[in-house]
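Novice: Fold the following, please.
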Amino acid sequence: EEVQKAKKYLPFKLVPGGHTDVKIEAKGKAYSPEEISAMVLQKLKKSAEEHIGEKISDAVITVPAYFDDNQREATKSAGKIAGLNVLRIINEPTAAAFAYGFDKIKNEKVAVYDLGGGTFDISILEIGEEGVYEVKSTNGNTFLGGDDFDQKIIDWLVTGFKKENGVDLKKDQMALQRLKEAAEKAKCELSSALETEINLPFITADASGPKHLSVTLTRAKLEQLTADLVESTIEPCHKALKDANLKAEDIDEIILVGGQTRMPKVQETVKKIFGKEANKGVNPDEVVAVGAAIQAGILGGEVKKDILLLDVTPLSLGIETLGGVATKLIERNTTIPTSKSQIFSTAADNQSAVDINVLQGERSMAKDDTSL
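Specialist: Modelled structure (predicted):
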């Protein structure tokens, strides 16, 4: 379902990869998402090696807090393909909290609102004086991010162009790629300007000749187009506060993470949720990487500071029981490591073996959750 939804908007072709996997077709070859991710990691590895003048073999990789186990394992695989020994996978909001709280000497309750390119996370943490970082709760949506904001602009441009010229730009892969780049550029410009021009000459051609696209997009129009996306981040914040047994006024600091949080409407919404301005002293683009570097420094023995991280499982864990029901054993936002035991009876008399389907998710039926 998620793949089919994404497929409509991607400027490249998706092909079946066997079992339930999907592959990306490029230059006549099919690549798994892990292989594509590995290429990005290899590029980063090369850049880092050139910068420090040394070979790099180990890495700490950050992922959205709301990633399920399959997504985390795929990230580890990408690191392995890239030739990296992945020392640790840590959650992005936790890394952001490391960076923020590294030199702090007071107890604080912190909300990390992380709206990146493809995912949204909200995490509530308590930072202690002795380097203790306790994650109280986390919530989010792994299919909501800046790309969705870009897509709203693309849809608006495509609809307007079709109305004016009778041509559907979604059928033209090259035009779609140009629209995506222009949409992202316009969105970024509207974080500081009230309006921007989108000019794409020779966007396509028909029997009558070449066609050009030229429109003005205002900040007000962008806010109207993306209102539902911004609104959809509110409920996870309320859920995270509830799971942490806290009220909005209990939060001392709000840290914004991810480029999409530069959008004024997003900042306004965060202020409305928590009743205070977010911390302006943190760079939303760099804070996660800084936190990961601190973790890597500690693991490598270069950073002489003890950090104790008490993290949580972002999604409930359970097993499938009779009738395809998902029976939860460990509730979401339980501090890990943890264990839980429960006695189950077999479905039939004299049964000598059972298949146990371990599940991750919040839905009541096994088919709607992620099978591990």
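
Novice: To what extent is the residue lying closest to K305 once chain neighbours are set aside buried, counted in neighbours?
Specialist: Computed as CB to CB, 6 or more residues apart in numbering, the closest residue to K305 that is not its neighbour in sequence is G131, at 6.1 Å. Glycine gets a C-beta too; all of them are placed from N, C-alpha and C. A count of neighbours around G131, defined by other CB atoms under 10 Å, yields 16.

Novice: can you tell me which residues contact G131?
Specialist: 305-308 (CB atoms under 8 Å, 6 or more residues apart in numbering).

Novice: can you pull the pLDDT of it?
Specialist: Turning to G131, the model gives it a pLDDT of 85.

Novice: Tell me how far it lies from T138.
Specialist: With distances defined as CB to CB, to the nearest Å, the gap from G131 to T138 amounts to 20 Å.

Novice: Same question for Q360.
Specialist: Applying CB to CB, one obtains 14 Å for the distance of Q360 from T138.

Novice: who has more neighbours, these two?
Specialist: For Q360 against T138, the residue with the higher neighbour count under other CB under 10 Å is T138, and the figures read 30 against 20.

Novice: I'd guessed that one sits against K239; true?
Specialist: No: applying CB atoms under 8 Å, one finds T138 not in contact with K239, separated by 9.7 Å.

Novice: coming back round to it: which one (most neighbours) among the contacts of G131?
Specialist: Neighbour counts for the contacts of G131 (other CB under 10 Å) peak at I307, which has 15 neighbours.

Novice: Tell me who's in contact with it.
Specialist: Neighbour list for I307: 98, 131-133, 294-295, 298 [criterion: CB under 8 Å, 6+ apart].

Novice: Neighbours of the nearest residue to A347 once chain neighbours are set aside, how many?
Specialist: With CB to CB, 6+ apart as the criterion, A347 has its nearest non-adjacent residue at 5.1 Å, and that residue is L322. As a burial measure, L322 scores 11 neighbours (other CB under 10 Å).

Novice: Phi first, then psi, for L322.
Specialist: phi -50, psi 130 (degrees, to the nearest 10).

Novice: State the distance from it to P284.
Specialist: From L322 to P284 the distance is 47 Å (CB to CB).

Novice: Just the pLDDT at the nearest residue to L179 once chain neighbours are set aside, thanks.
Specialist: Residue nearest to L179 in three dimensions, not counting chain neighbours: I154, with 4.9 Å by CB to CB, 6+ apart. According to the prediction, I154 has pLDDT 96.

Novice: what sits against I154?
Specialist: Contacts were defined as CB under 8 Å, 6+ apart; by that measure I154 touches 9, 176, 179-180, 183.

Novice: same deal with N85?
Specialist: For N85, the contacting residues are 57-59, 79, taking CB under 8 Å, 6+ apart as the criterion.

Novice: One more pass at 6 Å, please.
Specialist: Going by CB atoms under 6 Å, 6 or more residues apart in numbering, N85 touches 57-58.

Novice: Quick check: beta-bridge partners of it?
Specialist: When bridges are assigned using DSSP bridges, the partners listed for N85 are D58.

Novice: for the one 5 residues further on, same thing?
Specialist: Per DSSP bridges, the residues bridged to I90 are T62.

Novice: separation between it and R72?
Specialist: Taking CB to CB, one finds I90 at 10 Å from R72.

Novice: For those two, indicate the residue with more neighbours.
Specialist: Residue environment comparison for I90 versus R72 gives the larger neighbour count to I90, 21 against 15, counting by other CB under 10 Å.

Novice: For stretch 269-282, measure first residue to last.
Specialist: By CA to CA, to the nearest Å, the extent of stretch 269-282 from end to end equals 18 Å.

Novice: Correction: the previous question concerned stretch 281-293.
Specialist: So stretch 281-293: terminal residues 18 Å apart, CA to CA.

Novice: Show me what that stretch is in contact with.
Specialist: Residues external to stretch 281-293 that are found in contact with it (CB under 6 Å, 6+ apart): 60, 62, 92, 95-96, 98-100, 255-259, 261.

Novice: Could I get the full set of helices for this protein?
Specialist: Under the criterion DSSP state H, the chain contains helices at 2-7, 33-52, 69-81, 92-101, 146-165, 173-189, 219-225, 227-231, 234-243, 264-274, 287-299.

Novice: quick one, longest strand in the protein?
Specialist: Secondary structure assigned by DSSP state E gives strand 195-206 as the longest strand of the chain.

Novice: Tell me the buried residues in it?
Specialist: Within strand 195-206, the residues that qualify as buried by neighbour count (16 or more other CB atoms under 10 Å) are 196, 198, 200, 203-204.

Novice: Walk me through the domains of this structure.
Specialist: In terms of domains, the chain is parsed into 32-144+232-312, 146-227, 315-371 (source: automatic domain parsing).

Novice: how far does the second one sit from the chain's center?
Specialist: Yep, that's domain 146-227 we're talking about. From the chain centre to the centre of domain 146-227 is a distance of 24 Å (CA atoms, centre = their mean, to the nearest Å).

Novice: cool, and the last one?
Specialist: Using CA atoms, centre = their mean, we find the averaged C-alpha position of domain 315-371 to lie 26 Å away from the chain's own average C-alpha position.

Novice: now swap in stretch 292-312 and tell me
Specialist: 22 Å.

Novice: Pull out the buried positions in it.
Specialist: Of the residues in stretch 292-312, those scored as buried under the neighbour-count criterion (16+ other CB under 10 Å) are 292-296, 298, 309, 311-312.

Novice: just these now: which is nearest D147?
Specialist: Using CB to CB, A292 comes nearest to D147 of the buried residues of stretch 292-312, at 22.1 Å.
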